[in-house]
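Just a sequence and a predicted model for now, questions to come.
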Amino acid sequence: MTGNDIDKFKLISDGSITSVPGFQAGSAHCGLKNSKEKTDICIIYTPTGSVCSGIFTTNSFQAAPVIINRESLENNNKIKAIIVNSGIANACTGKKGMENALNTMKMVESSVPGVKKNEVLISSTGIIGKQLPMDKIENGIRDCTANLSIDGGNEAARAIMTTDLAEKKIAVSIAFENGKKIIIGGIAKGSGMIEPNMATMLAFIGTDAKIEKKLLDKILKKGNESSFNSISVDGCQSTNDMVLIMANGESGIKVKDEDDKTFKILSEGIFFVMKELAKKIVMDGEGATKFIEIAVRGAVNNEQAKKAARKIANSNLFKTAMFGQDLNWGRINSAIGSSDCEFDPDDVDIYLGDAKIVENGAGIEVDKALSEKSLKKRNLNFRVDLKNGSGNWTVWTSDLSFDYIKINALYHN
């Protein structure tokens, strides 16, 4: 968080989605995870309803919740609840999986007062190919309803975790000149199968701004590109990914149109929350020991800068070099060269932090002690200057360690 961001947004201590007025969450352990100490199902709830927008995985194999939510958001503008389970993905489960998802939504209708099934969205994460045990889901929904609280956001962030080691949550407040304020809060999960273009990640964001769906759609789509579509852990894409944002309007501050100053302020706040949640996913990457920022500058356009940055972020050779604390800049050159971007290899400069390591496409003498000290740090910053235009993009990734292999080798059906 930069000084400029602090001027714009006030971080809410220990904040989450239930820091937003009008939002509640309730969590429970229903038996989808082996440990009874870990919650594995939650409900996010705003009683007055909300305008809701969503973005979903582009994987051709789409989990039942993804298919259902796409249709729900096309036909309904008022959402009151999101039911989320972890441990079982309900993906590649056929007709039975669709029936189970729809029945889960009906159970929420029966359990949460004032909620109809068409006002419910659903999300699942976990092992692919398993059917949901509906008796456990029903018990879990009942317990979640009993646990609904304005303080329930932090536990909800834990309930949606799978291989995650840390919950991912944030909330900010934006003050206006008239003394009113807008709150934006969110929770997310994700640790592996994280690749630019959405991955095994879920994010749920709430705000008390009052806004039309078409405007909220535009904010979410734009914000997603520079946040959840700009991260990578292992270059793999999932079946269940989704980002949902709910605006319940309780602040009374209305966004009129795209020219409205409030639209710009709200957009920046939502972008910030999305980007911070995305970074937390990379920081918690499976087996990760490094958090790596890759900034490509001087590309023909932003799209080409993004392609180059993604190529580096998804290079297993680069990522393993970072784990080994080896400044093997040739692996960066190689990745950029395979990106189909327009540039002259003899013009490229590369920096690690403030230290130039490649000049005009060739390596230069680098202070070995300084580079070794830099590579021992958890947070690494690489900057690539293609010197061929004004396009720029930043992607965040992690290294690839022994533990990544161990975690995924032991993640059994």
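Received it, and whenever you're ready, just let me know what you need. Numbers count the residues shown, from 1 in each chain.

roughly how far apart are S124 and S35?
If you measure S124 against S35 using C-beta to C-beta, to the nearest Å, the figure is 19 Å. Bear in mind the C-beta positions are built from the backbone N, C-alpha and C, glycine included.

So if I had to pick from the two, which one is more boxed in?
A direct count of neighbours by other C-beta atoms under 10 Å for S124 and S35 places S124 higher, at 31 against 8.

Hmm, that one is touching L132, no?
Yes: with contact defined as C-beta atoms under 8 Å, S124 counts as touching L132 (7.4 Å).

got any residues that touch both of these two?
N85, I88, N90, A101 (C-beta atoms under 8 Å, 6 or more residues apart in numbering).

In contact with the first one: list those residues for me.
When the contact criterion is C-beta under 8 Å, 6+ apart, the partners of N85 are C30, L32, D40, I41, T104, S123, S124, T125, G126, L132, I137, G140.

Not counting its neighbours along the chain, what's nearest it?
Using C-beta to C-beta, 6 or more residues apart in numbering and skipping residues adjacent in sequence, the residue nearest N85 is I41, 4.6 Å away.

What's the first helix or strand after the strand or helix carrying T125?
With elements taken from DSSP states H and E, the one containing T125 is strand 120-127. From strand 120-127 onward toward the C-terminus, using DSSP H and E, the following helix or strand is helix 134-146.

report the angle between the axes of that next one and strand 120-127?
Using axes from the mean of the first three to the mean of the last three C-alpha atoms, to 10 degrees, the direction of helix 134-146 lies 120 degrees away from that of strand 120-127.

what's helix 134-146 in contact with?
Outside of helix 134-146, the residues that reach it under the criterion C-beta under 8 Å, 6+ apart are 26-32, 40-43, 83, 85, 100, 103-104, 107-108, 111-112.

With stretch 209-227 instead?
With contacts defined as C-beta under 8 Å, 6+ apart, stretch 209-227 is touched by 51-55, 77, 182, 184, 198, 243, 245, 247, 249, 251-255, 257-258, 262-263, 266-267, 270-271, 274-275, 277-278, 393-394.

Distance check, V120 against A321.
As defined by C-beta to C-beta, V120 lies at a distance of 46 Å from A321.

For those two, indicate the residue with more neighbours.
In this comparison of V120 against A321, neighbours counted by other C-beta under 10 Å, the higher total goes to V120 at 26 against 20.

May I have the predicted confidence score for N4?
Model confidence at N4, given as pLDDT, is 44.

mind saving the C-alpha coords of stretch 30-47 as CSV?
As requested, C-alpha coordinates have been extracted for stretch 30-47 and formatted as CSV (Å, rounded to 0.1, in the frame of the first residue of the first chain):
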residue,chain,number,x,y,z
CYS,A,30,-20.2,-29.9,8.2
GLY,A,31,-17.7,-32.7,7.6
LEU,A,32,-16.3,-31.8,4.1
LYS,A,33,-12.9,-31.3,5.7
ASN,A,34,-11.4,-34.0,7.9
SER,A,35,-10.4,-31.7,10.7
LYS,A,36,-13.4,-30.9,13.0
GLU,A,37,-11.6,-27.7,14.0
LYS,A,38,-11.8,-26.3,10.4
THR,A,39,-15.0,-24.7,9.1
ASP,A,40,-15.9,-25.8,5.5
ILE,A,41,-19.1,-24.0,4.7
CYS,A,42,-20.3,-20.5,5.0
ILE,A,43,-23.1,-18.1,4.1
ILE,A,44,-22.6,-14.5,3.1
TYR,A,45,-25.8,-12.6,3.6
THR,A,46,-27.2,-9.1,3.1
PRO,A,47,-30.9,-9.0,4.2
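
Need the mean per-residue confidence for it.
93.

How far off centre is that stretch?
Once both centres are worked out by C-alpha atoms, centre = their mean, to the nearest Å, stretch 30-47 turns out to sit 20 Å from its chain's centre.

what do you get for stretch 354-364?
The chain centre lies 33 Å from the centre of stretch 354-364; the measure is C-alpha atoms, centre = their mean.

which SS class is L277?
L277 falls in the helix class when you classify it by DSSP: H, G, I helix; E, B strand; the rest coil.

follow-up on the earlier one: which parts of the strand holding T125 are buried?
By neighbour count on 16 or more other C-beta atoms under 10 Å, the buried set for strand 120-127 is V120, L121, I122, S123, S124, T125, G126.

just stretch 316-323 next, same as before
By 16+ other C-beta under 10 Å, the buried positions in stretch 316-323 come out as F318, K319, T320, A321, M322, F323.

Average pLDDT for it, rounded please.
Rounded mean pLDDT across stretch 316-323 is 95.

hang on, the earlier thing: quick one: which of the buried residues of stretch 316-323 is nearest to S72?
Distance from S72 was checked for each of those by C-beta to C-beta. The minimum falls on K319, at 37.5 Å.

what's the neighbour count on the residue nearest to N85?
The number of residues packed around I41, counting by other C-beta under 10 Å, is 29.

In the sheet, which residues pair with it? Tell me.
With DSSP bridges as the criterion, I41 is bridged to A28, N85.

Hmm, it is touching V84, no?
Yes: with contact defined as C-beta under 8 Å, I41 reaches V84; the gap is 7.0 Å.

what sits in contact with each of those two?
Between them, I41 and V84 share the neighbouring residues A159, with contact defined by C-beta under 8 Å, 6+ apart.

ends of stretch 324-335, how far apart?
Using C-alpha to C-alpha, to the nearest Å, the end-to-end distance of stretch 324-335 comes to 18 Å.

Which stretches in the stretch 251-400 of the chain count as helices?
Applying DSSP state H, counting those that start in this stretch to the stretch 251-400 of the chain gives helices spanning 261-283, 302-313, 316-323, 329-337, 368-375.
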